[in-house]
Every structure is written in C-alpha cells, then in structure tokens.
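Visitor: Got a predicted structure here, sequence first:
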Amino acid sequence: MGLQEALQVLYPPQCISCGAGVTSDFGLCGDCWRETSFIAGLVCDLCGVPLQGEDSERTVLCDDCMTIARPWSQGRAAMLYKDNGRRIVLALKHGDRLDLARPAALWMHKVARPMLKQNMLAIPVPLHWFRLFRRRYNQAALLSSAVAKLAGLESCPDGLIRRRTTGSQEGRNRDARFANLRDAFAVPERHRKLVDQREILLVDDVMTSGATFAAATEALFAAGAASVSVLSLARVAKDA
Ligand SMILES: [Zn+2]
Ligand SMILES: [Zn+2]
C-alpha cells in the first residue's frame, strides 16, 4: 500500500460541501454537484452570467452589463450564487472552511482561462481592516492566491486597500451601492510600481451589482493599471 492509499484509508475522501463519502479528493458528492449551478456555455463577457444561446466566438453581454458602466474588460464567475453555490460561498466567508479555497480556485481557474494573460497580476478585493480583524482572513485573498498559483501568475494580496469604512452593501439599491463605494479603494504607495502598466486579474468571492468590482477597477486604473479583468467564485443573478 502506497502512502496515497494509506492516507485514503485513514482519511477517506469526503464531499467538500456535505461530508458524504466520495470517490475522489476535492470534489462534491452527486447530490451536492446537482445542487451547484456551475456556469458553462454562453456567458456574458463582462460578468460571466450564463446566457441563452449557443457558445461561440462572438462577444455577448447581459442586460445589466449593457446598461451599467463596467470599467473592466472581461469577467467570469464559476457558479451561480444559489443553492449549494451559496452554501459554499457562505462557508468560505463565515465558517472556518479554508479548505474550500482549493477546489473553489480550481473551478475559478477553469472559467478564467479565456481571460488569462501572461504576466498578469492577481489582486483580491480587500476586506475592511476591522472585518479582517474579526474574521481573521480575507476569503477573496485566499481565492486570489490559489488561482494565481494554478495559473502561474504573480499575486499581490494587499495590492488594494480600503480607504474608508463603507458599511454593508446589504439593503442598498443599485445606485446606493455604487455611491457607497466611490473612492473606497486605493493601491497603496508601496505597490504602485507593481501595478503600473500591468494587466490585472481582480478577484472576489461574490459579484452582486458589480459596484465593488467597479470601484476597485477605478482604483487600479488610477494607479496606472493597463487593463483589469474580474473573476468571482459566484455571481448573483436576478432570475437565478
Ligand atoms: Zn455533498
Ligand atoms: Zn453581464
């Protein structure tokens, strides 16, 4: 018996979501897989939401992205924020389930492939310092570093910082969400050289209205970034 098999006997692989036995490591059991809306096929090129129609080479946008200013150039998401996708995001955000970052990064890396460029720099959306203190880690930073590793990209976990307290986005309508986040982010002085003229992969756990990505993208452009592409684990879709 090799080490790998010995470990499998000691620690039989479990579904990363519900803990049921599965046949391979870092996967979901059949039930959780069916309850997770992984995004595939034709997607909006700016936010990654799935769209009706055949997947093709042409660029298509969803209704939101045609009407809301999206300062970044491309965007993708691995799953919809509902059912098990929602449970996975919340477990990563609030639970002590750091182990979810690895499989999540695998799914994100897969959907990010069409946007990836050599020499891209991965930067996560930052948590506010008091939330970082309370929660002890930034799930977006975990995801960003894990995706960067898989894609062979450089990563800068503190390439963006929060300039001020923005309060929760919950309960605010779309316009209020965008207003609340204006000037909320900045590239710290010590990382300006790194970001200048660079193509950036901006990473977060969830994309809702896109207000956070928009504000963070503007901050990266203000620091001289050449382009920004956004990647989220889960996309909140209106009719999903
Ligand atoms: Zn399961
Ligand atoms: Zn879109």
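Guide: The structure has been received and is ready for your questions. Numbers count the residues shown, from 1 in each chain. Ligands and ions are numbered 1, 2, ... in the order given.
Visitor: Determine how far the last residue of stretch 163-179 lies from the first.
Guide: Counting by C-alpha to C-alpha, to the nearest Å, you get 15 Å between the two ends of stretch 163-179.
Visitor: swap that for stretch 46-55, sorry
Guide: 15 Å.
Visitor: average pLDDT across it?
Guide: The average pLDDT within stretch 46-55 is 91.
Visitor: do the same with stretch 67-87
Guide: 95.
Visitor: First residue to last residue on that stretch, what's the distance there?
Guide: 30 Å.
Visitor: What about residue 114, how many residues nearby?
Guide: 10 (other C-beta atoms under 10 Å). Every residue, glycine included, has its C-beta placed from N, CA and C.
Visitor: What of the one 5 residues further on?
Guide: A total of 8 residues lie near residue 119 under the criterion other C-beta under 10 Å.
Visitor: In contact with the nearest residue to residue 211 once chain neighbours are set aside, which residues?
Guide: Closest residue in space to residue 211, ignoring its immediate chain neighbours: residue 177 at 4.1 Å, by C-beta to C-beta, 6 or more residues apart in numbering. Listed by C-beta atoms under 8 Å, 6 or more residues apart in numbering, the contact partners of residue 177 are 169, 208-209, 211.
Visitor: if you set the cut-off to 6 Å instead, what comes out?
Guide: Applying C-beta atoms under 6 Å, 6 or more residues apart in numbering to residue 177 gives the contacts 169, 209, 211.
Visitor: ok, now residue 235?
Guide: With contact taken as C-beta under 6 Å, 6+ apart, residue 235 is in contact with 48-49, 77, 207.
Visitor: so what's it bridging to?
Guide: Listed by DSSP bridges, the beta-bridge partners for residue 235 are residue 80, residue 207.
Visitor: pLDDT at it, what is it?
Guide: 97.
Visitor: Equivalent analysis for the one 3 residues further on, please.
Guide: The score at residue 238 is 77. That number is its pLDDT.
Visitor: So it belongs to a helix, correct?
Guide: No - Residue 238 is assigned coil when assessed by DSSP: H, G, I helix; E, B strand; the rest coil, not a helix.
Visitor: Pull up the gap between it and ligand 2, please.
Guide: Counting by C-beta to the ion, to the nearest Å, the separation of residue 238 from ligand 2 is 11 Å.
Visitor: ok, now residue 234?
Guide: Taking C-beta to the ion, one finds residue 234 at 14 Å from ligand 2.
Visitor: Just list the residues touching the closest residue to that residue other than its chain neighbours, thanks.
Guide: What sits nearest to residue 234 in space, not counting adjacent residues and going by C-beta to C-beta, 6+ apart, is residue 81, at 4.0 Å. Counting by C-beta under 6 Å, 6+ apart, residue 81 touches 206, 234, 236.
Visitor: Could you do residue 223 as well?
Guide: 187, 192, 195.
Visitor: Repeat the analysis, applying 10 Å as the threshold.
Guide: 159-160, 185-189, 191-196, 198, 200 (C-beta atoms under 10 Å, 6 or more residues apart in numbering).
Visitor: one step back: now the contacts of residue 81 in a markdown table, with neighbour count and distance to residue 127?
Guide: A markdown table is the format used below for these (neighbours: other C-beta atoms under 10 Å; distance: C-beta to C-beta, whole Å):
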| residue | neighbour count | distance to residue 127 |
| --- | --- | --- |
| 206 | 21 | 13 |
| 234 | 29 | 17 |
| 236 | 20 | 19 |
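Visitor: Which pLDDT does the model give the residue nearest to residue 211?
Guide: For residue 177, the predicted pLDDT is 79.
Visitor: Just say helix, strand or coil for it.
Guide: Relying on three-state DSSP, one would call residue 177 helix.
Visitor: which of the contacts of residue 223 count as buried?
Guide: 159-160, 185-187, 191, 195, 198, 200 (16 or more other C-beta atoms under 10 Å).
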